[in-house]
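predicted model and sequence below, questions to follow.
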Amino acid sequence: MNSLWPDWPREEHPPLRGFHLTEVAIVGGGLTGLFCAVILARAGLKVMVLEARRMGQGATIACTGGLSPVFSSAYQTSTASVNPPAALAHWELLSGAFRDLPAFLKECAIAADFTPMDASCYAYSPRTAERLDALAKRLQEAKIPVERSTSGCLFPVDEALLARQQGRIRTPALVEGLMRAARESGCILCENSPVRDISGTTLRTDTGQIGFSAAILATGVPITLRDRRVLSLLRPVGKIAARMSPMHGDTLMVPVSPDGLMVTPFPDAWMTGWQMGPPGRDHTPEMARFERILHARLPEHTREGSILRQDVHTADGLPLIGPLSHRDSHLLMASGYNGSGILHAFAAARMLRRYLLDKPLPEDAFFHPLWRRAAPSPENLLLRAGRRMFSAGSAPRCTHMGCRLKWDDAAGRWECPCHGSSFTRQGEVITGPATQDIRRI
């Protein structure tokens, strides 16, 4: 199964060839890149999008389609005490994106089955019940409306917080509509065009170059990014998503703890997601636990297929959106969505539009990489080792920054513990930020 959704026809786009000039070059043709392309082109800017494989590839093909600004904000995703003004700004950012997304889809004639539904954030053990209590307190202090209720839950839970009027959307229809809207707005879309280098205001692929005024790095762990401070802010996390046979129910289920099961119900299938931990290790035990959780939570469902994916998290639960540095203010990035890609992608595109048109809001600065510092973590310790990493055996090195790869027996692939790139047994790139294959093993 190469997609959580049944394969959908996508128009092919030729690779970049020759030299081009544009105002904005976007690296990455996923949700963020396509939202940025449409919004910036409709604002009058000349835009080109480069995707290493196919548009909508990567995490997009495994997106479960859930939309919950309340349970995707830093109040929910951060286990540490989050800066209250920043957390409130994050919730307002996502709430505004959720509020305005239907109008945007209508303006662009994108039929993506946007459906309002309630969302339930649930606890399933004494440990997670304590976490749910802490979340309820944070939301109450911020005056964000939720209810203590297990009504509508798709399976038995200990406790739950209910947020009204959240939603879901069909990712393939959204991607297809964004591609069409981008083309109609004058964007040039280039597939099979992995970016090899960005120097100054020039971007290079194997078959062409682009001169640009601004570039947006719209990949999970940004391709070509060598800034270790910014890289250390990002934490790749492996996830498994499964497509289940549908049953009755219309509540989005969000676990209060990362080791719980997320479920987005659709009439034709239920999409589930579960976090497996950092890449670069054998996920066989996690896969077995995932099977046990599916059997316990959804015993009457049949798993139609599953796919491994990678999300990018941040320690404080806040995304990274904005300029990389004062020196490279023409290089922008959008990443660290903590598993909630659709709303963050739309919000990031609108924020970057404000930045490029010199109309930023004061609260946008909360999300700029300029002001953020990394929290200590095992992943960051590995990152600081960088090219000096060594391990036993003859494992190959990642072509991104030279870290020693580890074999994941459950996934059947090589994974990088530093930034999350993955490769087939033969050394071909599966997921970035690496863009070059390793030598055949």
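Happy to help now that I have it.

surely G317 and N83 touch.
No. Using C-beta atoms under 8 Å, G317 is not in contact with N83, being 10.2 Å away. C-beta here means a position set from N, CA and C on the backbone, and glycine is covered the same way.

so these two - more neighbours on which side?
The residue with more neighbours, out of G317 and N83, is G317; 21 against 15, by other C-beta atoms under 10 Å.

which SS class is the more buried one?
Assigned by DSSP: H, G, I helix; E, B strand; the rest coil, the conformation of G317 is coil.

ok, it to Y122 distance?
Look at G317 and Y122: by C-beta to C-beta, to the nearest Å, they are 19 Å apart.

next: D158.
In terms of C-beta to C-beta, D158 sits 7 Å off from Y122.

the more surrounded of these two?
Neighbour count, other C-beta under 10 Å: between D158 and Y122, Y122 has more, with 26 against 13.

quick one: contacts for the more buried one?
Listed by C-beta atoms under 8 Å, 6 or more residues apart in numbering, the contact partners of Y122 are 132, 150, 153, 157-161, 253-256, 260.

sitting in strands, which of the residues you listed do you find?
Among these, the members found in strands (DSSP state E) are 159-161, 253-255.

just the residues you listed now: which is nearest C190?
V254 (35.9 Å; C-beta to C-beta).

and that closest one, how many residues sit next to it?
By other C-beta under 10 Å, neighbour count at V254 equals 27.

before we move on, what about G305?
By other C-beta under 10 Å, neighbour count at G305 equals 15.

where does the prediction get shaky in the stretch 301-441 of the chain?
Scanning the stretch 301-441 of the chain for pLDDT under 70 picks out the ranges 373-394, 401, 409-411, 419, 439-441.

that one: strands as residue ranges?
303-313, 320-323, 331-335, 406-408, 413-415, 422-423, 429-431 (DSSP state E, counting those that start in this stretch).

parallel or antiparallel, list what pairs with the second one.
Meaning strand 320-323. Partners of strand 320-323 in the sheet, by DSSP bridges, are strand 331-335 (antiparallel).

same deal with the first one?
Sheet pairing here is set by DSSP bridges, and for strand 303-313 it gives strand 235-244 (antiparallel).

close enough to count as contact, I198 and A214?
No. Assessed by C-beta under 8 Å, I198 is found out of contact with A214, at 11.5 Å.

name the residues contacting each of these two.
L331.

surely A25 is in a strand?
Yes. A25 forms part of a strand when assessed by three-state DSSP.

helix, strand or coil for the closest residue to it other than its chain neighbours?
Once flanking residues are discounted, A25 sits nearest to F212: 4.0 Å by C-beta to C-beta, 6 or more residues apart in numbering. Three-state assignment for F212 (three-state DSSP): strand.

the chain should start at 36 in everything you say after this.
Fine by me, first position is 36 from now on; the one you just mentioned is F247.

tell me the contacts of F247?
F247 makes contacts with 56-60, 83, 236-238, 365, as judged by C-beta under 8 Å, 6+ apart.

which among these gets closest to E339?
Using C-beta to C-beta, M83 comes nearest to E339 of the contacts of F247, at 37.2 Å.

around that closest one, how many other residues sit close by?
Should you count by other C-beta under 10 Å, M83 turns out to have 23 residues around it.

hmm, it is touching L56, no?
No. M83 is not in contact with L56 according to C-beta under 8 Å; the separation is 9.4 Å.

pipe the contacts of Y157 into CSV and attach pLDDT and distance to L359 per row.
Below are those laid out as CSV (pLDDT from 0 to 100; distance: C-beta to C-beta, whole Å):
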residue, pLDDT, distance to L359
L167, 94, 36
T185, 95, 44
C188, 94, 42
V192, 94, 42
D193, 94, 43
E194, 96, 42
A195, 97, 40
L196, 96, 36
M288, 95, 36
V289, 94, 31
P290, 93, 33
V291, 91, 33
G295, 87, 34
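
for the residue nearest the centre of the chain, give me its contacts.
Residue closest to the average C-alpha location in the chain (C-alpha atoms, centre = their mean): G376, at 4.2 Å. Residues in contact with G376, defined by C-beta under 8 Å, 6+ apart, are 65-67, 94-95, 98, 346.

pick out the lowest-pLDDT one from these.
By pLDDT, A94 ranks lowest within the contacts of G376, coming in at 63.

neighbours of the residue lying closest to A87 once chain neighbours are set aside, just the number please.
Sequence neighbours aside, P229 is the residue nearest to A87 in space, at 3.8 Å (criterion: C-beta to C-beta, 6+ apart). Using other C-beta under 10 Å, P229 is surrounded by 20 other residues.

same thing with the one 10 residues further on?
For R239, the number of neighbouring residues by other C-beta under 10 Å comes to 16.

which strand or helix spans it?
Following DSSP states H and E, one finds R239 within strand 237-240.

note down every partner strand of that strand and its orientation.
strand 230-234 (antiparallel), strand 243-252 (antiparallel).

which of those strands sits most buried?
Most buried of the strands paired with strand 237-240, by mean neighbour count (mean count of other C-beta atoms under 10 Å): strand 243-252, with a mean of 21.

quick one on the thing from earlier: gap between the residue nearest to the centre of the chain and C143?
Plainly put, G376 is 18 Å away from C143 if you go by C-beta to C-beta.
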